[in-house]
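Engineer: Sequence plus predicted model, see below.
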Number of protein chains: 2
Amino acid sequence: MSDIAIARAASPQPIQRIASELGLPEEAIEPYGRLKAKISSRFIESLPPQPESKLILVTAISPTPAGEGKTTTTVGLGDGLRRIGKKTAICLREPSLGPCFGMKGGAAGGGHAQVIPMEDINLHFTGDFHAITSAHNLLAAMVDNHVHWGNELQIDPRRIVWRRVLDMNDRSLRQITTGLGGPSNGFVNETGFDITVASEVMAILCLAENLTDLETRLGNIIVGYRVDKTPVYCRDLKAHGAMAALLKDAVQPNLVQTLEHTPALIHGGPFANIAHGCNSVIATKTAMKLADYVVTEAGFGADLGAEKFFNIKCRSAGLIPNAAVVVATVRALKMHGGVAKSELNEPNLTALEAGCANLTRHIRNMRRFGIPVIVAINEFAGDDPEEYKVISRAAETNGARSIRCTHWADGSAGTEHLARAVVDLIDNEATEGFAPLYDGSFPLLEKLTLVAQEIYGAKDVRLSGPARTQLKAILEMGYEDLPVCVAKTPYSFSTDPKALGAPSGHTLDVRELRLAAGAGFVVALAGTIMTMPGLPRRPAAERISINEMGEIDGLS
Amino acid sequence: MSDIAIARAASPQPIQRIASELGLPEEAIEPYGRLKAKISSRFIESLPPQPESKLILVTAISPTPAGEGKTTTTVGLGDGLRRIGKKTAICLREPSLGPCFGMKGGAAGGGHAQVIPMEDINLHFTGDFHAITSAHNLLAAMVDNHVHWGNELQIDPRRIVWRRVLDMNDRSLRQITTGLGGPSNGFVNETGFDITVASEVMAILCLAENLTDLETRLGNIIVGYRVDKTPVYCRDLKAHGAMAALLKDAVQPNLVQTLEHTPALIHGGPFANIAHGCNSVIATKTAMKLADYVVTEAGFGADLGAEKFFNIKCRSAGLIPNAAVVVATVRALKMHGGVAKSELNEPNLTALEAGCANLTRHIRNMRRFGIPVIVAINEFAGDDPEEYKVISRAAETNGARSIRCTHWADGSAGTEHLARAVVDLIDNEATEGFAPLYDGSFPLLEKLTLVAQEIYGAKDVRLSGPARTQLKAILEMGYEDLPVCVAKTPYSFSTDPKALGAPSGHTLDVRELRLAAGAGFVVALAGTIMTMPGLPRRPAAERISINEMGEIDGLS
């Protein structure tokens, strides 16, 4: 049965019922149709914190074309915890609309570990990303408009850094010239569009504590520089109030359910390379006020996703994670051990053993943050039981239990063991307690070096000439205290996407440092990062249509 | 009291209650928050037509800076009809987001004749315009992507006519160059963005009968031409299915309420110049299945708005309007009689009498369509009662009653007389019955000439050289049967915006004919029509913010 067939066969409960399981009264939610709701900010703010609530991060080995199943495991673990009687909520990122029409279909889990309504979540959902697109582009229009009407703030038109965004895969918009056609169309400028998930407004929405904090952070966005290189802020243009007004509903977290009716908060979805790749702080904190166990995930493998979750999100929001679950599959670890994708169906214990180096590096990395780790082996049909033993041994040697899961095929029945093991881990494993990898007060370059050496196994960091100039400017503007956000390939610990397994001794080459003053981090770009995807030769859009039942076909 | 203060002081009813007044059961609506809902297409389709339902068009004299109050009168008349015990629904267009941040604030009526929730309606509402933006831009991305991957359909890149859209006032995007930066970014192209309300997808959504018809019309969009000038359609790119999927919720009409709890369907909002300027056919037909009296409006004055409502919307949808209400004000008619805006506070019966030529031309025009007409005099503080008499005489001489209204100050108490008069008019005035101005089978140029001569009082139509070539191409492609949609200044019956009153004997100069094959009309552009507005020196956005109560200030 396909994902979509399973999703359609589900019997979802009215969203009010899901809300009431979390103790949310009728007036605390705003329904969007029958199966989606926004949780009222005002109600959330009225609730006391619940310090006993446990936060579990689901992360993964370095991704490969074989697939790992991080989102399905997040959903499966949530369902498993609820199955064993725990009051649970799941926190996920909202998928981006653009890519649904490109290579893949949707992104809402799979098999018997999905969040629903799948079509809505993958398309417009509750409109959050559209609101972000509007707010972002309003600022862009106001920047150009300011220059057009006399440029009182003396923005250097050559140094405008605020581009535009669309939630669409559209390569033609990557680099464009605007303002053609004469004086009434403004000044000519070189600029471009990024996909909405790459917007700094997205990162801001996901790190903001509330609407007021959001407005302040929006005001702190740097839109460009003057000839003397002093920054011009969004607040100088008085754009932040209107942007916050556009985001008034978007800051409220969305509530949906899994196939098994576990409450799921799906809210925000920043890029995991040039941003921090986690769902919103507001959603996570809301979930922790409402549930005893909160399961969440972060983008890419643990070197990028978990590192940013800990060093950026948890630091900024004062969150204390209680455990990390590292998802691994036999097939992916075999690829890390050098097996080609076409040969993954053959057992290969030697390659698997070699590939486990990737897993064990991630396990050790997680423990550096002072939290207990467990490995979830996401079973695929065709795996050899002997192969599971190899992974278990590798995990145990590094101080982590491993649990086999079959949530894709079995739903929560396939994650009950994992759920019990996670609860046991949190209750019984003594750890030194969570701490980010570095102090905010460390010099920026030292923070970057710490991440490179401790997490990636690199020997050093090398800044390009432009990056050194950018570092100097960032320090002069007084942003030394910000955390770093590394944008590098997710496929390897190094910057070479082909270096699988656990490479070490490499150099992290940083070609550009980019200040996200509103979001509150400094992006270090190592390698070329695409911020506007293109469509493939045969876009998924060609196969999407409405069937006679009024349902959307082809979106999965 | 300001509009927003009045709106905030209102006690709105839960949207379920408004729905139930229309006989809509709980399962027929999808709530979006507490005060908005979408009405289920499936439920609507299950209802039988209600042939006795009356459709009333509110239109106006040619607009002037003095203001007429067409939307407030539409709301006021709806409230008035409900006050005298009629089962009533109002149908309005959705306002565009972009202009809210430019000159004006919102557009949801005013005074005691408003629709609520005002902030939501003016901003994202239920996301319809965002869905249209996405669908439109998906097609643009697919066109460029097709060319990038080998151009199997042999689209001439110089003849791509499908631009992009954003719901934003952004002059810099009017004319742009895309695809810069090398081969991986596609081919270089000259193009631009229009505002979303100018999208053909918007016009299509507003003329479609249902989702299936929508998908067919989307498929009929012409995106460009080959070197041999044969058209390439959206369906050739297989984009229409995915676009329809994106519009699946957007085709369902939105239900809100007036300050007095009259049900209001607000759905769609195409430009009134390059498109037909009315709310969706689906909303109007839905309202007519649910209510006995349906009050709707059309963009600009009656020469543009009502003409297109009759010749394009009613023809296409098989709607039979029962009456037209022409809104006039003393101040605006004085401007039509030559009084400057600064001197409108002085009574001036002579100028008023001269200006009434504008009103009487519109009255006669409405009668040409075979439906009874009534004039609504929208009172302003400072009007002289003698002035009302001048208007009444002018109306009566042309066979129309006139009724004074004070809905802005008094709500439905100020339109009770108008409501009774409209009911009486529909029940008792014998007319020849509604008929569009021309047959679809008439030659295109003859249709255009009929509108110019019969409605605008022009002596003839002159096509520019390019327009003649375009006419030839349109005929060769077999689109002779389409109605015409004239894009000209709304301020005058002529193409000279300064020629107020009732000019005649002029020439309608058409510089371009543009085929909207999906929407199903041929746009005749007379004069320069701006399809992407800019922001003013001090955009309204600068004054918009969130106050301590979490409400949006500055949006009105």
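Structural biologist: Received it, and whenever you're ready, just let me know what you need. Numbering: from 1, shown residues only, chains lettered A, B, ... in the order given.
Engineer: Please name the nearest non-neighbouring residue to the residue in the stretch 451-556 of chain A that chain B sits nearest to.
Structural biologist: Residue of the stretch 451-556 of chain A nearest chain B, by Cβ to the nearest Cβ: A:Ser545 (3.1 Å). All C-beta atoms are positioned from the backbone trio N, CA, C, and that covers glycine. The shortest distance from A:Ser545 to any residue other than its chain neighbours is 3.1 Å, reached at B:Gly241 (Cβ to Cβ, 6 or more residues apart in numbering or on different chains).
Engineer: try A:Val294
Structural biologist: A:Val294 sits nearest to A:Ala287 (Cβ to Cβ, 6+ apart), 4.4 Å away.
Engineer: swap in A:Arg361?
Structural biologist: In space, A:Arg361 comes closest to A:Ala502 once its chain neighbours are excluded; the distance is 4.3 Å by Cβ to Cβ, 6+ apart.
Engineer: tell me the secondary structure for the one you found?
Structural biologist: coil (DSSP: H, G, I helix; E, B strand; the rest coil).
Engineer: Check A:Cys485 too.
Structural biologist: Applying three-state DSSP: A:Cys485 is strand.
Engineer: Name whatever forms a beta bridge with it.
Structural biologist: A:Cys485 forms beta bridges with A:Val523, as assigned by DSSP bridges.
Engineer: and it, how many residues sit next to it?
Structural biologist: 30 (other Cβ atoms under 10 Å in any protein chain shown).
Engineer: Quick check, A:Ala519 in contact with A:Asp213.
Structural biologist: No - counting by Cβ atoms under 8 Å, A:Asp213 is not a contact partner of A:Ala519; they are 11.9 Å apart.
Engineer: Comparing these two, which residue is more hemmed in?
Structural biologist: Neighbours per residue, other Cβ under 10 Å: of A:Ala519 and A:Asp213, the larger number sits with A:Ala519, 29 against 15.
Engineer: ok, now which ones touch that one?
Structural biologist: Taking Cβ atoms under 8 Å, 6 or more residues apart in numbering or on different chains, we find A:Ala519 in contact with A:Glu200, A:Ala203, A:Ile204, A:Leu207, A:Arg217, A:Ala275, A:His276.
Engineer: which residue sits closest to it in space, ignoring its chain neighbours?
Structural biologist: Per Cβ to Cβ, 6+ apart, closest to A:Ala519 is A:Ala203, 3.7 Å.
Engineer: Check that neighbour and give its pLDDT.
Structural biologist: On pLDDT, A:Ala203 comes in at 98.
Engineer: Same question for the one 10 residues further on.
Structural biologist: Per-residue confidence at A:Asp213 stands at 96 (pLDDT).
Engineer: A:Lys285: what's it in contact with?
Structural biologist: Contacts of A:Lys285 (Cβ under 8 Å, 6+ apart): A:Ile44, A:Glu209, A:Ala317, A:Leu319.
Engineer: Poorly predicted segments of chain A, please.
Structural biologist: A:104-106 (pLDDT under 70).
Engineer: Break it down into its domains, please.
Structural biologist: Chain A breaks down by automatic domain parsing into domains covering A:3-126+A:250-428, A:141-246, A:444-526.
Engineer: Put together CSV for the ones you listed, with distance to B:Gly478 on each row.
Structural biologist: Converted to CSV, the domains of chain A look like this (distance: least, Cβ to Cβ, whole Å):
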stretch, distance to B:Gly478
domain A:3-126+A:250-428, 31
domain A:141-246, 31
domain A:444-526, 53
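Engineer: Can you pull the phi/psi pair for the closest residue to A:Glu512 other than its chain neighbours?
Structural biologist: In space, and not counting its chain neighbours, A:Glu512 is closest to A:Leu525: 4.3 Å by Cβ to Cβ, 6+ apart. Backbone torsions for A:Leu525, taken as degrees, to the nearest 10, come to phi -90, psi 120.
Engineer: Pull the contacting residues for A:Leu525.
Structural biologist: A:Leu525 makes contacts with A:Ile274, A:Ala487, A:Val510, A:Arg511, A:Glu512, A:Leu513, A:Arg514, as judged by Cβ under 8 Å, 6+ apart.
Engineer: By neighbour count, which of those residues wins?
Structural biologist: A:Val510 (28 neighbours).
Engineer: Spit out the contact partners of it.
Structural biologist: A:Leu448, A:Val461, A:Arg462, A:Leu463, A:Ser464, A:Ala467, A:Ala524, A:Leu525, A:Ala526.
Engineer: again, only this time at 10 Å
Structural biologist: A:445, A:448, A:452, A:461-464, A:466-468, A:470-471, A:484, A:486-488, A:495, A:523-527 (Cβ atoms under 10 Å, 6 or more residues apart in numbering or on different chains).
Engineer: ok, A:Leu35 to chain B distance?
Structural biologist: A:Leu35 is 10 Å from chain B, where distance means Cβ to the nearest Cβ, to the nearest Å.
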